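S.K.: sequence first, predicted model second:
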There are 4 protein chains.
Amino acid sequence: MCRWIAYRGETTALEDYVTEPAHSLIAQSIHAMESTASVNGDGFGLGWYGKHPEPGLYREIRPAWSDENLRYLCRHLQSHLFFAHVRAATGTAITRANCHPFACGKWLFMHNGFLGNWNRWRRHVEALIPDELYPSRIGTTDSEAIFLAILGAGIQHPIAAAAKILARLTDIVRQSETEDRFRFTAALTDGHDLYAFRYSVNDHANTLYYREADGGIVIVSEPFDHDENWTTVPEDHAVVAKAGERARVTPLFQREWQAAE
Amino acid sequence: MCRWIAYRGETTALEDYVTEPAHSLIAQSIHAMESTASVNGDGFGLGWYGKHPEPGLYREIRPAWSDENLRYLCRHLQSHLFFAHVRAATGTAITRANCHPFACGKWLFMHNGFLGNWNRWRRHVEALIPDELYPSRIGTTDSEAIFLAILGAGIQHPIAAAAKILARLTDIVRQSETEDRFRFTAALTDGHDLYAFRYSVNDHANTLYYREADGGIVIVSEPFDHDENWTTVPEDHAVVAKAGERARVTPLFQREWQAAE
Amino acid sequence: MCRWIAYRGETTALEDYVTEPAHSLIAQSIHAMESTASVNGDGFGLGWYGKHPEPGLYREIRPAWSDENLRYLCRHLQSHLFFAHVRAATGTAITRANCHPFACGKWLFMHNGFLGNWNRWRRHVEALIPDELYPSRIGTTDSEAIFLAILGAGIQHPIAAAAKILARLTDIVRQSETEDRFRFTAALTDGHDLYAFRYSVNDHANTLYYREADGGIVIVSEPFDHDENWTTVPEDHAVVAKAGERARVTPLFQREWQAAE
Amino acid sequence: MCRWIAYRGETTALEDYVTEPAHSLIAQSIHAMESTASVNGDGFGLGWYGKHPEPGLYREIRPAWSDENLRYLCRHLQSHLFFAHVRAATGTAITRANCHPFACGKWLFMHNGFLGNWNRWRRHVEALIPDELYPSRIGTTDSEAIFLAILGAGIQHPIAAAAKILARLTDIVRQSETEDRFRFTAALTDGHDLYAFRYSVNDHANTLYYREADGGIVIVSEPFDHDENWTTVPEDHAVVAKAGERARVTPLFQREWQAAE
């Protein structure tokens, strides 16, 4: 159970969103409000886009609250599209490779949630990753495996690709006699368009909010201030925030995708 | 504000005290009860005595709760006298050299507390360290400086040496116009005898408890179970637990020491 | 390309073999002689047996030469059977989970070598790991995958199990058009008996030596002193050092195993 | 004994100088040519100037050659003035606070060299740091202490301030009966002007080179390519590279400064 923030808008220093707000992501690393794990001290990560077509990554296994490098980077890095994440591990190792966000080519992904009984289902989920993407499997988390599976499921249509993999994962946990839980609140981007997802099986979904202003959007697992303009994303829905358009909220499983399944 | 445990008694695996109790030190690292800092995630350390006259040390900057090495070591290390500590930093860097316990020759020391406005008083306190011990100043904490000052103040009489340095530190913070606070709850040993201290200036002292059984003693900043036999150490007192004797609680500033000052 | 040492004999402090010899493993971490990688600075690890039936592990991603914890542990840990390893990574992430030795139940394993073009063959090799051992796959190295595959191939007969998996791996790299190389110089133990292997395909095998004295044995990738009693293990051979017996060197692929294949 | 590079010129990605050249600083971290320590694996650091008046810092204790964050940052960070450094420690702890460069306000400093017998002279050198700068002493190296001493010695005239402190340090080591050595090859900047120093006492000075092109300058401890335009800086000299001017090489101890001493 983690906390994260995704930003797209005017180019800005990351600190305006990551370290400076009263209830910033860094503050959430040591005391989150809307999370079953109030401490998110098992590493963190930044992913951001600049001049290079592929995103930059800074991931560390130390708690975000004590990382002086993070403060310098949030002050000096400027970006129009970035992800930040603080991790509360749910069983897999504390390594940089297991910290979010995950990058693959131009894509960036981060996740709050878990696939219950991961050790039992891991091979089934890894089998969803196509051979050509398997070399990008550098960590061992459920999150990274799901990301690579989505990338391999027709990523030119991100919502459809995610819905396809979520349907497969739903089948996997539903077949479990132990009613294993699955929570998936995630963000995905190609450096231009931004997508977020709120979904769960056998459980309540983790929270997801967004706020638009000045042509930009911030999507978060938990608001970082008391502004009243945060919109709650309903369960089983996705946020589609295409560059140059207003965000829209859409059901994850629309009729045509279910038909396609 | 940290949490710690000191043990002397039958040789035992460290896990019996450090990782296995319901409210173990590891559990306290992610959620302490009697501390202003409920998260003690800024590193940790073990110090223990074995065949070698000088203690072993294992110190790490990661949170104790996620360190797999710590679990292996607590299972495999056996000792008759050991210290364990989880750290909540109060301003100094997160480095191994700033994690407790601190070792110097045969001596081992750990501390819960702080000397307020440390950056202002640091030079005054470091000046209390004799030249011959200054090479042992490998970190930058108030705790290590106080330890080395005590070692240099006639350590053949540990309570008197500590009282002497605490009196100097009291003078330092009392002369501050800002009424800087000083909290000192600490443990000290030479590998045979065990001492603990509870003291403060301009503030309440941090908690300190001990429990004797089977000729051994455990001294803690916070009980790790609901046993009723924990004894609270009063403020401005020390615990003296000499090898082969029952522990006794003594005022830190007895008449003769004050006279000696 | 790594360096390692395996010891079984009288209970001793690890420092006698790991840190103190003139050309100790720690010295080899910063300057190895018989290795294509002269710097082995990508992490290290200790594995040792004590009272507990399962081994202890201490693994770190820092270079061995600068780790103060390692020096303390080598002085204070006593064992009759231990492994020590310094790593030069060949492509996989620098994480503790990727440092040797690897433990699974009572078994301990470490490896010097690589399976060339790992990203291409990884799925084939991971497929050799039985489902019930796949939860023990916590890292991403070729070494750990081969270890778990051997454990799953009839480990009650360790040489036969290793030979079986090495034959499969030989088939995999031989089918490659690029003549991918495979080097495997490894040690394996269950806490009683000790086994070591020297093998390669499409390449020269890495060096392997052993020395017996006083009923004990030391097996190394590179001698740590100029003693003349080091015996070179030939390519395609294994060392079998059963508890209470003299070591013997045996061909890896004996007639009956090849037949069984 | 470390390796470093200082750049001022057109705004560029750091990778053009730090990671991409054939004999880049990263390559020097695992195999330097003109250094008594061929491995510089005891941490590294970047310092750079952007929109903010104070520099950014990224310092890590892992070897530079295996740090994936470093590669991402060197690709994405753009700067007109930056320092990069790989460390070979000479006795002080491997902590981020002991990695170069060091920052204080708008100033940035890095060093290749050492003050011999540091533990003996440390207090003398720390005494050169004015009280108001002592809170910036967050590590324990000779390098950081000398930097803060220079800052406190009239930094509005950087060459004079450095010469003043170097004269004091020369007195310190010259008074030693053991003829302790002192090597000082360093770079200093306020975000606009760039200074470098090559000096030693009782020893040869470490190498120092620079190259000018297109109105910019690169100063290095060791050339990172075979270009013939590298200029060697003589011993006991400084490079003064003021913004908008050509660099000039000047004796460290000019008559007026010696007189002022």
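M.R.: Structure received.

S.K.: check which helix or strand the residue lying farthest from the centre of chain A maps to.
M.R.: Relative to the centre of chain A, the most outlying C-alpha is that of A:E177, 28.2 Å out, by C-alpha atoms, centre = their mean. Secondary structure from DSSP states H and E places A:E177 outside every helix and strand.

S.K.: ok, now how distant is it from A:D171?
M.R.: 14 Å (C-beta to C-beta, to the nearest Å). Quick note: C-beta positions are derived from backbone N, CA and C, even for glycine.

S.K.: same check, this time on A:E10
M.R.: 42 Å.

S.K.: also A:P234?
M.R.: The gap separating A:P234 from A:D171 is 23 Å, by C-beta to C-beta.

S.K.: stretch A:85-99: which residues count as buried?
M.R.: By neighbour count with 16 or more other C-beta atoms under 10 Å in any protein chain shown, stretch A:85-99 contains the buried residues A:85-90, A:92-99.

S.K.: include secondary structure, distance to chain C and pLDDT when you put these into JSON lines, please.
M.R.: Output for the buried residues of stretch A:85-99, formatted as JSON lines (DSSP: H, G, I helix; E, B strand; the rest coil; distance: C-beta to the nearest C-beta, whole Å; pLDDT from 0 to 100):
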{"residue": "A:H85", "secondary structure": "strand", "distance to chain C": "18", "pLDDT": "96"}
{"residue": "A:V86", "secondary structure": "strand", "distance to chain C": "19", "pLDDT": "95"}
{"residue": "A:R87", "secondary structure": "coil", "distance to chain C": "15", "pLDDT": "94"}
{"residue": "A:A88", "secondary structure": "coil", "distance to chain C": "18", "pLDDT": "91"}
{"residue": "A:A89", "secondary structure": "coil", "distance to chain C": "12", "pLDDT": "89"}
{"residue": "A:T90", "secondary structure": "coil", "distance to chain C": "14", "pLDDT": "83"}
{"residue": "A:T92", "secondary structure": "coil", "distance to chain C": "8", "pLDDT": "89"}
{"residue": "A:A93", "secondary structure": "coil", "distance to chain C": "5", "pLDDT": "91"}
{"residue": "A:I94", "secondary structure": "coil", "distance to chain C": "8", "pLDDT": "93"}
{"residue": "A:T95", "secondary structure": "coil", "distance to chain C": "4", "pLDDT": "95"}
{"residue": "A:R96", "secondary structure": "helix", "distance to chain C": "7", "pLDDT": "96"}
{"residue": "A:A97", "secondary structure": "helix", "distance to chain C": "5", "pLDDT": "95"}
{"residue": "A:N98", "secondary structure": "helix", "distance to chain C": "8", "pLDDT": "96"}
{"residue": "A:C99", "secondary structure": "coil", "distance to chain C": "11", "pLDDT": "97"}
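
S.K.: residue contacts, A:I26?
M.R.: A:V18, A:T19, A:A64, A:W65, A:L70, A:V86 (C-beta atoms under 8 Å, 6 or more residues apart in numbering or on different chains).

S.K.: looking at these, spot the one nearest chain D.
M.R.: Taking C-beta to the nearest C-beta as the measure, A:L70 is the one of the contacts of A:I26 closest to chain D, at 9.7 Å.

S.K.: since we're on that closest one, how many residues are nearby?
M.R.: Neighbour count of A:L70, defined by other C-beta atoms under 10 Å in any protein chain shown: 27.

S.K.: chain neighbours aside, what residue packs nearest to it?
M.R.: A:A64 (5.9 Å; C-beta to C-beta, 6 or more residues apart in numbering or on different chains).

S.K.: mind listing what that neighbour touches?
M.R.: Counted by C-beta under 8 Å, 6+ apart, A:A64 has contacts A:L25, A:I26, A:S29, A:N40, A:G41, A:F44, A:L70, A:V86.

S.K.: give me the phi and psi for the first one.
M.R.: Which is A:L25. Torsion angles at A:L25 (phi, psi; degrees, to the nearest 10) stand at phi -60, psi -40.

S.K.: enumerate every residue touching it.
M.R.: Here A:L25 is in contact with A:R3, A:W4, A:I5, A:Y17, A:V18, A:T19, A:A64, A:A84, A:H85, A:V86, A:F224 (C-beta under 8 Å, 6+ apart).

S.K.: then the last one?
M.R.: The contact partners of A:V86, taken as C-beta under 8 Å, 6+ apart, are A:C2, A:R3, A:W4, A:L25, A:I26, A:Q28, A:S29, A:N40, A:G41, A:G43, A:F44, A:A64.

S.K.: please apply the same query to A:A161.
M.R.: A:A161 sits next to A:I150, A:L151, A:A153, A:G154, A:I155 when contact means C-beta under 8 Å, 6+ apart.

S.K.: same thing with A:G191?
M.R.: A:Y49, A:P53, A:P55, A:L81, A:K106, A:L108.

S.K.: which SSE is it in?
M.R.: Assigned by DSSP H and E, A:G191 belongs to neither a helix nor a strand.

S.K.: then the one 4 residues further on?
M.R.: Under the assignment given by DSSP H and E, the secondary-structure element containing A:Y195 is strand A:194-201.

S.K.: tell me the strands beside that strand, with direction?
M.R.: strand A:182-189 (antiparallel), strand A:237-241 (antiparallel) (DSSP bridges).

S.K.: CSV for the contacts of A:I26, including secondary structure?
M.R.: Formatted as CSV, the contacts of A:I26 follow (DSSP: H, G, I helix; E, B strand; the rest coil):
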residue, secondary structure
A:V18, helix
A:T19, coil
A:A64, helix
A:W65, helix
A:L70, helix
A:V86, strand
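
S.K.: who in the stretch 51-200 of chain A is up against chain D?
M.R.: Residues of the stretch 51-200 of chain A found near chain D (C-beta under 8 Å from any C-beta of the partner chain) are A:51-52, A:56-60, A:68-69, A:72-73, A:75-78, A:96.

S.K.: name the residues of the helix ranked longest in chain A that are buried.
M.R.: The single longest helix within chain A, with elements called by DSSP state H, is helix A:158-174. Going by neighbour count (16+ other C-beta under 10 Å), the buried part of helix A:158-174 is A:158-170, A:172-173.

S.K.: after the strand holding A:Y195, heading C-terminal, what element do we hit next?
M.R.: Per DSSP H and E, the first helix or strand lying C-terminal to strand A:194-201 is strand A:209-213.

S.K.: got the angle for that next one vs strand A:194-201?
M.R.: Here strand A:209-213 runs at an angle of 160 degrees relative to strand A:194-201 (axes from the mean of the first three to the mean of the last three C-alpha atoms, to 10 degrees).

S.K.: and the contacts of strand A:209-213?
M.R.: Applying C-beta under 8 Å, 6+ apart, the contact partners of strand A:209-213 are A:9, A:196, A:217-223, A:227, A:229-233, A:239, A:241, A:246-247.
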